[in-house]
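From the sequence below, what's the structure:
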Amino acid sequence: MPQLPEDVQRTRTISSVTPESIPDRVRGPYWTNPGVWSVISVSRGSIRLVRYSGHAGRRHDTIEVLGEGDSGVIEPRETHRVTFARNGAFSVSYYRRKRQAP
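Numbering: from 1, shown residues only. The predicted structure is shown next:
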């Protein structure tokens, strides 16, 4: 399971995503921007986090079910999708590496 690097800072948070408000683009497949990590935190219900990977034309899916209190880290440019396994809500926080002082 991916981990959030220590040298990142949160840039924004989208709170209380529900089955009614989940954007179509994250129902998949969707990817984060270069240099951006995201953390999905489930507050109610449960979600399915599907991670896509592969090379040479082969695709392998990893499916994680995250329940209340669980979080999942999405790495930069990682292709994934999110669907609800059980109605509820989750938030997404986005992170970038801290800028170094000149």
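
use CA for all of it now, contacts and neighbours both
Will do.

For Arg77, list the residues it contacts.
Trp31, Thr32, Asn33, Pro34, Gly35, Val36 (CA atoms under 8 Å, 6 or more residues apart in numbering).

any idea what sits nearest it, other than its immediate chain neighbours?
Excluding the flanking residues, the one nearest Arg77 by CA to CA, 6 or more residues apart in numbering is Thr32, at 4.7 Å.

ok, the one you found to Asn87 distance?
Thr32 is 24 Å from Asn87, where distance means CA to CA, to the nearest Å.

and what of Glu6?
Distance from Glu6 to Asn87, by CA to CA: 32 Å.

Pro76 now?
27 Å.

quick one: which of those two has more around it?
Set Pro76 next to Asn87 and count neighbours by other CA atoms under 10 Å: Pro76 wins out with 16 against 13.

So in terms of bridging, what pairs with Tyr31?
That one is not Tyr; residue 31 is Trp. Beta-bridge pairing of Trp31 under DSSP bridges involves Thr79.

contacting residues around it?
Applying CA under 8 Å, 6+ apart, the residues near Trp31 are Pro76, Arg77, Glu78, Thr79, His80.

Show me how far stretch 28-47 is from its chain's centre.
Stretch 28-47 sits 1 Å away from the centroid of its parent chain (CA atoms, centre = their mean, to the nearest Å).

end-to-end on it?
Taking CA to CA, stretch 28-47 runs 13 Å from one end to the other.

worst-scoring helix or strand of the chain, pLDDT-wise?
strand 30-31 (a mean of 84; mean pLDDT, DSSP states H and E).

so after that one, what's the next helix or strand?
strand 37-53 (DSSP states H and E).

mind checking how far Tyr30 is from Val50?
Relative to Val50, Tyr30 is positioned 10 Å away (CA to CA).

how far does the strand or helix carrying Tyr94 sit from the chain's center?
Secondary structure from DSSP H and E places Tyr94 in strand 79-97. Distance of strand 79-97 from its chain centroid, counting by CA atoms, centre = their mean, is 5 Å.

Give me the helices and strands touching that strand, please.
strand 8-17, strand 30-31, strand 37-53 (3 or more CA pairs under 8 Å, 6 or more residues apart in numbering; DSSP states H and E).
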